[in-house]
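1. generate coordinates for the sequence data below:
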Amino acid sequence: MNAQLTSRGRGADTSRIYRNSVPLWVAILLLVLGWGGITPLLAGAEWYVGGYFGATIPNDFSQIQGVGASTGVTQSDLQLKRSGMFGAKVGYFFNRMKWLGIETEAYTTNPHVQQQLTTISAGSTPISTSLTPGNQFQVATWGLNVVIRYPGERFQPYLGVGGGAFYGKFSNIPGNSKSSSDLSPGIVGLGGFRVFVSETVAWFVEYKYNKTTFEFSELGIKGEYSVHHATMGLAYHF
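-> Numbering: from 1, shown residues only. Next up is the predicted model:
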């Protein structure tokens, strides 16, 4: 990240992040569990576990603004590299509503920052333009999603929406010996289809969209992170 954007320290308030995330999880759980109670629904639930891999196609790290000592300063968008990704999920579909389910998943990707020219501005006035070396950027995501499907015998298209906790970390930063990380809530959208190759094993293809805002206080910046994931994997249903 551009060394010209620095601040006095991180001072991230992790408890604030978790407090802000609570209403999302409560809303999702109340939405699903409100029909008739959790015990009879789970008694005959169709559980599944799966693993997957794929490609991350990132948008630019955008709307970059200064924080702390750099408040009032902006920076041009940073281009991120495409990356591989992998993850795992576990979930279930309800017995009484076979079209409705809940899943939780975790996955990781590395959309590193490309070497590029960046412009620093104060308000609408450019201050400087310089060549920013590439940086390592890792993002790990834990998501909780509500999923709806067409409960076909062999072919099952599905859609999902939910929230996630996103952990982002910059490292190997020129002019700054420390790494910079942040944990932020964000949104998750997904869609795909399953094809059962046996009674219990299904092959699936899935698209995911992620969006959050990271604040890297050691660098004195915050910005919008959004990516597209194209994945495929296998799931076991029992």
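2. to the chain's geometric centre, what's the distance from stretch 74-91?
-> With CA atoms, centre = their mean, to the nearest Å as the basis, stretch 74-91 stands 8 Å off its chain's centre.
3. and that stretch, what's buried?
-> 74-80, 83, 85, 87, 89, 91 (16 or more other CB atoms under 10 Å). Just so you know, the C-beta spots here come from the backbone N, C-alpha and C atoms, and that holds for glycine as well.
4. same question, stretch 54-64
-> 54, 56, 58, 60-61, 64.
5. what's the average pLDDT for that stretch?
-> In this model, stretch 54-64 has an average pLDDT of 96.
6. now do stretch 72-88
-> Stretch 72-88 comes out at a mean pLDDT of 94.
7. okay, it in CSV with CA atoms only?
-> Extracted in CSV, the C-alpha atoms of stretch 72-88 (Å, rounded to 0.1, in the frame of the first residue of the first chain):
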residue,chain,number,x,y,z
GLY,A,72,-9.4,14.3,4.5
VAL,A,73,-6.9,12.6,2.1
THR,A,74,-8.1,10.2,-0.7
GLN,A,75,-6.3,7.8,-2.9
SER,A,76,-7.0,6.4,-6.3
ASP,A,77,-8.4,2.8,-6.6
LEU,A,78,-6.0,-0.1,-6.2
GLN,A,79,-6.1,-2.9,-8.8
LEU,A,80,-6.2,-6.4,-7.3
LYS,A,81,-4.9,-9.6,-8.9
ARG,A,82,-7.0,-12.6,-9.7
SER,A,83,-6.4,-15.5,-7.3
GLY,A,84,-7.3,-19.1,-6.5
MET,A,85,-9.5,-19.8,-3.5
PHE,A,86,-10.8,-22.8,-1.5
GLY,A,87,-13.2,-23.5,1.3
ALA,A,88,-15.7,-25.8,3.0
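8. work out the gap between it and the centre of the chain.
-> Using CA atoms, centre = their mean, the offset of stretch 72-88 from its chain centre is 12 Å.
9. stretch 205-218 too?
-> Centre to centre, stretch against its chain (CA atoms, centre = their mean), the figure for stretch 205-218 is 4 Å.
10. among the buried residues of stretch 74-91, which lie within strands?
-> 74-75, 83, 85, 87, 89, 91 (DSSP state E).
11. and the furthest pair within those residues?
-> T74 and G91 (40.8 Å; CB to CB).
12. what's the nearest residue to Y107 if we skip its chain neighbours?
-> Distance criterion CB to CB, 6 or more residues apart in numbering; nearest residue to Y107, sequence neighbours excluded, is G87 at 2.6 Å.
13. before we move on, what about V139?
-> G168 (4.9 Å).
14. the residue nearest to M85 when sequence neighbours are not counted: how many residues sit nearby?
-> Excluding the flanking residues, the one nearest M85 by CB to CB, 6+ apart is T109, at 3.8 Å. Other residues near T109 number 23, with proximity taken as other CB atoms under 10 Å.
15. what does T125 give?
-> Neighbours of T125 (other CB under 10 Å): 6.
16. next one: stretch 229-237 to chain centre, how far?
-> 17 Å.
17. buried sites along it?
-> 229, 231, 233, 235, 237.
18. again with stretch 220-229
-> 220-227, 229.
19. quick one: what helix or strand has the residue nearest to the spatial centre of the chain in it?
-> Centroid-nearest residue in the chain, with CA atoms, centre = their mean: N210, separated by 4.4 Å. For N210, the element it lies in under DSSP states H and E is strand 201-216.
20. tell me which strands that strand pairs with, and in which orientation.
-> strand 180-196 (antiparallel), strand 221-237 (antiparallel) (DSSP bridges).
21. now do the SS call for the residue nearest to A165 when sequence neighbours are not counted.
-> Nearest-residue entry for A165: W142, 4.9 Å, with adjacent residues in sequence omitted and distances by CB to CB, 6+ apart. Here W142 is strand, with the state taken from DSSP: H, G, I helix; E, B strand; the rest coil.
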